[in-house]
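A.B. asks: please work out how this folds:
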Amino acid sequence: MKTRRVTAAIASVVALSLGAAACGGGDDSDGNGGGNGKKDAALTSIVNPSTKKGGTVSYEHSDVPDSLDPGNTYYGWVQNFSRLYARALTTFKPAAGKEGLEVVPDLAESLGTPSADAKTWTYKLRKGLKYQDGTPITSKDVKYAIERSNFAPEALSNGPTYFKSYLEGGDKYKGPYKDKSADGLKSIETPDDSTIVFKLKAPFADFDYLATFSQTAPVPQAKDTGAKYVQNIVSSGPYQFESYEEGRSATLVRNKNWDAKTDPIRKALPDKVTIKFKVNPVTVDNDLLSNKITADAAGTGVQPATQPKVLVGKNAASTDASYAGATQYIALNVNVKPFDNADCRKAVQWAIDKKSVQDAIGGSPKGDVASTLLPPSVNGYTKFDTYATDGNKGNVAKAKEALKACGKPNGFDTILTARSDRPAEVASATAVQASLKKVGINVEIKQFPSGKYFSNFAGVPSYVHDNKLGMLSMAWGADWPTGFGFLDQIINGAAIKPSGGNNLMELNDPKINKALTDAIANTDDAARTKAWGDIDKMVMDNASVVPLIYRKNLLYRPASAANVTVTQAYLGMYDYLLMSSTK
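C.D. replies: Numbering: from 1, shown residues only. Sure thing, here's the model as predicted:
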């Protein structure tokens with residue numbers, strides 16, 4: 001994904017290669033302070049832990065949400081934030097480190113029960129669930145929520161459409177605003193008020209991850225007003241809206257009809273949660289540094305101008321450089337010469353000085369040098385380096401061997417794309433250009449605007465071929481943090497589209513395609529997880545992807561923020577379901 005739930009965002013069993021970190025601030029169960037930990041402490045622990053109820057958690061954001069309607073959002077931070085007022089069938093466990101990447105039941109009393117072929121998934125709702133007005137939550141409300149969010153683009157167009165893609169009959173159903181039949185989408189069955197059954201077109205073992213999307217949060221049909229529902233969202237979580245001013249702010253207060261007995265994962269410590277939108281990003285950083293707010297809702301880290309203030313001195317101990325769940329890479333298009341030849345692709349792999357790329361984007365706070373397509377924060381990540389070089393600075397000798405093998409001993413000319421309004425990407429491209437020049441590969445950089453990069457240029461195979469765009473800059477994050485959630489849309493041959501595609505390599509390897517299909521159909525978790533790493537190795541052996549950087553966020557936690565921990569489930573931001581305040 002592209003900075004949505006991705007970027008993305010977004011967040012799995014993680015192999016972060018980070019040792020267990022101490023909480024730093026020690027136990028602060030009375031909520032009266034006690035420091036805010038050590039550098040990177042929130043990556044693997046809960047910093048400034050507290051069990052004290054009360055206070056206000058305050059957020060600011062430099063932009064506006066696509067929507068706070070749980071059925072009309074794709075932004076990673078909204079998926080995280082919406083768990084305060086919208087309970088999905090499943091969610092990610094509010095916990096530190098690897099525990100926080102575990103999918104746990106939320107509205108459902110357990111994870112889904114799959115059929116033997118993983119094509120039918122059944123969930124039972126917990127007993128005693130109620131909306132903010134005291135009315136019961138039923139399985140029919142969950143079904144309706146999915147119908148409105150995936151099948152009514154005329155009213156709700158922002159969210160993902162995985163349910164539409166995978167449910168039987170999803171391509172024909174017109175959505176609840178047009179289809180007034182009592183049955184609705186027949187592939188979602190509700191035999192009673194506590195049971196919901198999903199019938200899929202094909203095996204899909206990641207369905208519990210799909211069920212974490214806020215689109216499965218219940219919506220009472222009688223209260224739905226389509227696009228206007230965001231003005232009066234009916235809460236199923238511990239908080240409800242006291243006020244909402246579109247594009248400006250929102251205030252959440254306690255939902256008196258939320259019953260903690262039905263919700264073992266939420267502590268709901270704050271009395272109030274506030275959020276302001278369209279705040280200057282530097283102002284957001286300054287408000288964090290002066291302890292005026294609890295967190296930056298965007299969760300993407302401080303601005304470049306603020307970075308020097310938090311990397312040294314007393315502020316450094318309050319920072320967390322978290323993986324953003326995204327990999328920056330170069331796609332080598334296998335249908336543009338000379339990259340139809342694997343050895344020419346390998347020449348680029350060996351020649352690129354990845355350390356120079358890291359330096360160009362701002363150094364280690366912005367990310368680690370990458371050797372795999374899967375980032376370390378995704379289930380299935382396996383640490384390996386097919387094209388290892390000393391200090392990640394490239395290997396001229398091996399690059400020239402590969403050039404000789406591909407019949408281009410003196411090098412060749414090619415074009416590298418970059419997005420003109422992304423300075424870091426342009427800087428990366430310039431560093432790559434300098435690396436390749438050392439081995440006789442002459443790179444011309446062509447820049448395109450982000451808004452049309454996929455729809456008009458890099459994502460349009462005919463344009464790529466006609467203009468001989470051999471190398472294409474790319475960054476990608478998972479819609480959910482498993483190997484399938486990350487890899488499918490960028491390496492599966494079925495993802496190649498006439499326009500708007502993300503498989504920029506045009507990789508259509510039958511063995512890789514089959515490996516993806518076999519893995520997602522496998523209900524053995526361990527085998528499926530291993531398969532993602534194996535598939536990553538297949539892609540690297542193919543040499544059509546040059547991983548550059550595992551992106552990072554440089555987060556800052558003010559002294560008043562309590563129960564602070566990074567969640568890789570939501571693209572490396574803080575877990576908003578856990579966060580409280582000592583104010």
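A.B. asks: by mean pLDDT, point me to the weakest helix or strand of this structure.
C.D. replies: Among the helices and strands of the chain, helix 450-452 carries the lowest confidence by mean pLDDT, DSSP states H and E, at a mean of 86.
A.B. asks: tell me which helix or strand comes right after that one.
C.D. replies: Once helix 450-452 ends, the next helix or strand along the chain (criterion: DSSP states H and E) is helix 461-466.
A.B. asks: can you give the distance from the helix or strand just after that next one to the centre of its chain?
C.D. replies: Counting by DSSP H and E, the next helix or strand C-terminal to helix 461-466 is strand 471-477. Chain-centre distance of strand 471-477: 15 Å, with C-alpha atoms, centre = their mean, to the nearest Å.
A.B. asks: who's in contact with the helix or strand just after strand 471-477?
C.D. replies: Where DSSP H and E defines the elements, the next helix or strand beyond strand 471-477 is helix 483-491. With contacts defined as C-beta atoms under 8 Å, 6 or more residues apart in numbering, helix 483-491 is touched by 206, 209, 373-375, 378-381, 474, 476-479, 495, 502-505, 507, 512, 516, 519-520, 528-529, 531-533, 535-536, 539, 545. Just so you know, the C-beta spots here come from the backbone N, C-alpha and C atoms, and that holds for glycine as well.
A.B. asks: mind showing which ranges of this structure have poor pLDDT?
C.D. replies: 1-36 (pLDDT under 70).
A.B. asks: biggest strand in it, by residue count?
C.D. replies: Determined from DSSP state E, the single longest strand within the chain is strand 319-332.
A.B. asks: name the helices or strands packed onto the helix or strand following that strand?
C.D. replies: Counting by DSSP H and E, the next helix or strand C-terminal to strand 319-332 is helix 342-351. Contact analysis of helix 342-351 by 3 or more C-beta pairs under 8 Å, 6 or more residues apart in numbering; DSSP states H and E lists strand 319-332, helix 396-405, helix 423-437, strand 441-448 as its packing neighbours.
A.B. asks: give me the angle between helix 342-351 and strand 441-448.
C.D. replies: 80 degrees (axes from the mean of the first three to the mean of the last three C-alpha atoms, to 10 degrees).
A.B. asks: just the residues contacting whatever helix or strand comes next after helix 342-351, thanks.
C.D. replies: Once the chain leaves helix 342-351, the next helix or strand it forms, by DSSP H and E, is helix 354-361. Residues from elsewhere that reach helix 354-361 (C-beta under 8 Å, 6+ apart): 364, 366-370, 391-394, 424, 427-428, 430-432, 434-435, 548-549.
A.B. asks: redo that, cut-off 10 Å
C.D. replies: By C-beta atoms under 10 Å, 6 or more residues apart in numbering, the list of residues contacting helix 354-361 from outside reads 328, 330, 353, 364, 366-371, 387, 389, 391-394, 423-432, 434-435, 546-549, 551.
A.B. asks: tell me the buried residues in that helix?
C.D. replies: 354-358, 360-361 (16 or more other C-beta atoms under 10 Å).
A.B. asks: list the contacts of the nearest residue to Leu156 once chain neighbours are set aside.
C.D. replies: Leaving aside its chain neighbours, Leu156 sits nearest to Asn72 (4.2 Å; criterion: C-beta to C-beta, 6 or more residues apart in numbering). Going by C-beta under 10 Å, 6+ apart, Asn72 touches 65-66, 78, 148-149, 152, 155-159, 214-215, 226-227, 229-230.
A.B. asks: which of those are buried?
C.D. replies: Among the contacts of Asn72, those classed as buried by 16+ other C-beta under 10 Å are 65, 78, 148-149, 152, 155-156, 158-159, 214-215, 229-230.
A.B. asks: same list, these, but as a markdown table with secondary structure and distance to Lys174 please.
C.D. replies: Formatted as a markdown table, these follow (DSSP: H, G, I helix; E, B strand; the rest coil; distance: C-beta to C-beta, whole Å):
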| residue | secondary structure | distance to Lys174 |
| --- | --- | --- |
| Pro65 | coil | 27 |
| Val78 | helix | 26 |
| Arg148 | helix | 12 |
| Ser149 | helix | 14 |
| Ala152 | coil | 8 |
| Ala155 | coil | 12 |
| Leu156 | coil | 14 |
| Asn158 | coil | 19 |
| Gly159 | coil | 17 |
| Ser214 | helix | 23 |
| Gln215 | helix | 17 |
| Tyr229 | helix | 19 |
| Val230 | helix | 22 |
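A.B. asks: centre of the chain to stretch 343-363, how far?
C.D. replies: 25 Å.
A.B. asks: which helix or which strand is home to the residue nearest to Leu156?
C.D. replies: Assessed by DSSP H and E, Asn72 sits outside every helix and strand.
A.B. asks: gap between it and Val219?
C.D. replies: To Val219, Asn72 is 11 Å away according to C-beta to C-beta, to the nearest Å.
A.B. asks: and the residue nearest to Leu156, how far is that from Asn150?
C.D. replies: Look at Asn72 and Asn150: by C-beta to C-beta, they are 11 Å apart.
A.B. asks: give the intersection of the neighbour lists for these two.
C.D. replies: Listed contacts common to Asn72 and Asn150 are 156, 159, 215; contacts here mean C-beta under 10 Å, 6+ apart.
A.B. asks: adding distance to Ile46, write those out as CSV.
C.D. replies: Shown next, in CSV, are these (distance: C-beta to C-beta, whole Å):
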residue, distance to Ile46
Leu156, 35
Gly159, 30
Gln215, 29
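A.B. asks: name the member of the buried residues of helix 354-361 with the shortest distance to Lys278.
C.D. replies: Lowest distance from Lys278 to the buried residues of helix 354-361 (C-beta to C-beta) belongs to Ile361, with 26.7 Å.
A.B. asks: so Ser455 touches Ser499, yeah?
C.D. replies: Yes. Under the criterion of C-beta atoms under 10 Å, Ser455 makes contact with Ser499 at 5.7 Å.
A.B. asks: picking up where we left off before, now the buried residues of helix 354-361 in CSV, with distance to Ala41?
C.D. replies: Putting the buried residues of helix 354-361 into CSV (distance: C-beta to C-beta, whole Å) gives the following:
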residue, distance to Ala41
Lys354, 28
Lys355, 27
Ser356, 31
Val357, 29
Gln358, 24
Ala360, 29
Ile361, 25
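A.B. asks: list phi and psi for the closest residue to Lys119 other than its chain neighbours.
C.D. replies: Counting by C-beta to C-beta, 6+ apart, Leu200 is the residue found nearest to Lys119 once chain neighbours are left out, at 4.8 Å. With angles defined as degrees, to the nearest 10, Leu200 sits at phi -100, psi 160.
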